[in-house]
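Trainee: Any chance you can model this:
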Amino acid sequence: MESDLKSEQKDSEIQDSFFTNYKDLLVDYTEKRIELVKLEAIEKTAIVGGLSASFLLIILFSFMSIMFLSVMMGFLLADITGSMLKGFGLLALFYVLLLILVIVFRTSISKPISNLLVRVLAKEEGSHE
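Mentor: The predicted model follows:
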């Protein structure tokens with residue numbers, strides 16, 4: 001009887017030890033998993049921030065180039081038509097037509113940009129560029 005009691009106590013101690021170790025492992029795993037999620041969020045934020053900054057610079061320099069080319073084209077059209085009003089008016093008409101095209105095709109223009117963002121945000125581990 002006494003040996004059964006000692007055996008049960010020993011089994012109980014082993015079981016308590018197992019659950020204590022298991023609990024410690026579970027807590028450690030949870031903490032590491034939370035840290036991993038935070039690091040992945042930071043990585044994705046950095047990637048999107050970098051892409052945004054480069055796109056903003058591209059847009060800025062493209063806008064400046066288009067502005068200077070537009071002024072040059074306006075003066076060229078003014079020289080061809082013999083009137084500043086007609087030259088810059090034709091250029092304004094071109095930009096209005098371009099605006100209408102962008103409005104009509106806005107979904108086909110915005111979809112590739114949305115897809116790029118989704119690809120960047122959903123990029124899996126190991127597929128770093």
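Trainee: Against which helices or strands is the helix or strand in which Asn115 is found packed?
Mentor: In the assignment (DSSP states H and E), Asn115 maps to helix 106-121. If you count contacts as 3 or more C-beta pairs under 8 Å, 6 or more residues apart in numbering; DSSP states H and E, helix 106-121 packs onto helix 2-81. Every C-beta, even on glycine, is put in place using the N, C-alpha and C of the backbone.
Trainee: If you count contacts, what does the helix it packs on end up packed against?
Mentor: helix 84-104, helix 106-121.
Trainee: what inclination does the first one have with respect to helix 2-81?
Mentor: What it means is helix 84-104. Angle, helix 84-104 to helix 2-81, by axes from the mean of the first three to the mean of the last three C-alpha atoms, to 10 degrees: 150 degrees.
Trainee: State the mean pLDDT of helix 84-104.
Mentor: Mean pLDDT, computed over helix 84-104, is 95.
Trainee: Would you mark the buried spots in that helix?
Mentor: By neighbour count with 16 or more other C-beta atoms under 10 Å, helix 84-104 contains the buried residues Gly87, Phe88, Leu90, Leu91.
Trainee: with those residues in mind, which one is nearest to Ser110?
Mentor: Closest approach between these and Ser110, by C-beta to C-beta: Leu91, at 26.3 Å.
Trainee: For the residue nearest in space to the middle of the chain, give its distance to Phe88.
Mentor: When the chain is reduced to its mean C-alpha position, the nearest residue by C-alpha atoms, centre = their mean turns out to be Val48, at 3.7 Å. Going from Val48 to Phe88 by C-beta to C-beta, to the nearest Å gives 39 Å.
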